[in-house]
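**Student:** kindly generate the corresponding structure for this input.
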Amino acid sequence: MAGRSITLEQAQAVVAAALKEGRAQNYQPLTVAVLDPGGHLLAFAREDNSSNLRPQIAIAKAAGALALGLPTRILGEMAAERPTFINALSTISPVGVVPAAGGLLIYNAESEVVGAIGVTGDISDNDELCAKAGIAALTF
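**Tutor:** Numbering: from 1, shown residues only. Below you'll find the predicted structure:
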């Protein structure tokens, strides 16, 4: 892959694979966002009947992973230990931070961060499984 960012085509493939996993598992309607390393939205999809705050949650999950360089599952664990710190992130992040599983960093073959995915709609563990399925669809 040339450059240090996931391409639009790759981002769309990640979204499609995450949604496909959600349908295969019969999860609740999902919303998926893929951001570039700078936090800009590259690809997005909101399934029919997905609730109205899901776009913001998906983006905030991906952005939170990028902001701290950690999966949002770990941010959730941090929230239990240091709630003031995690709460402060939501006030300084332009799109917020959601400390719940479903936000993951996307790495290229050289272990460089090339983007992030945020998935929301079902329970957070299932959101994360779909995010992992989306990332697994990538080839570099």
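**Student:** which residue is the nearest non-sequential neighbour of Ile57?
**Tutor:** Once flanking residues are discounted, Ile57 sits nearest to Thr120: 4.3 Å by C-beta to C-beta, 6 or more residues apart in numbering. No exception for glycine: its C-beta is placed from N, CA and C like everyone else's.
**Student:** the one you found: neighbour count?
**Tutor:** Residues contacting Thr120 under the criterion other C-beta atoms under 10 Å number 31.
**Student:** name the element Lys20 belongs to?
**Tutor:** For Lys20, the element it lies in under DSSP states H and E is helix 8-24.
**Student:** could you dump stretch 82-97 to PDB, C-alpha only?
**Tutor:** What follows is stretch 82-97 as a C-alpha-only set of coordinates in PDB (Å, rounded to 0.1, in the frame of the first residue of the first chain):
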ATOM      1  CA  ARG A  82     -10.100   6.900  35.900                       C
ATOM      2  CA  PRO A  83     -13.600   8.300  35.100                       C
ATOM      3  CA  THR A  84     -12.600  11.900  35.300                       C
ATOM      4  CA  PHE A  85      -9.900  11.500  32.700                       C
ATOM      5  CA  ILE A  86     -12.200   9.600  30.300                       C
ATOM      6  CA  ASN A  87     -15.000  12.100  30.800                       C
ATOM      7  CA  ALA A  88     -12.600  15.000  30.100                       C
ATOM      8  CA  LEU A  89     -11.800  13.400  26.700                       C
ATOM      9  CA  SER A  90     -15.300  13.800  25.500                       C
ATOM     10  CA  THR A  91     -15.200  17.500  26.200                       C
ATOM     11  CA  ILE A  92     -12.000  18.100  24.300                       C
ATOM     12  CA  SER A  93     -12.500  15.700  21.400                       C
ATOM     13  CA  PRO A  94     -14.400  17.300  18.500                       C
ATOM     14  CA  VAL A  95     -16.500  14.200  18.000                       C
ATOM     15  CA  GLY A  96     -16.500  12.800  21.500                       C
ATOM     16  CA  VAL A  97     -15.100   9.500  22.800                       C
END
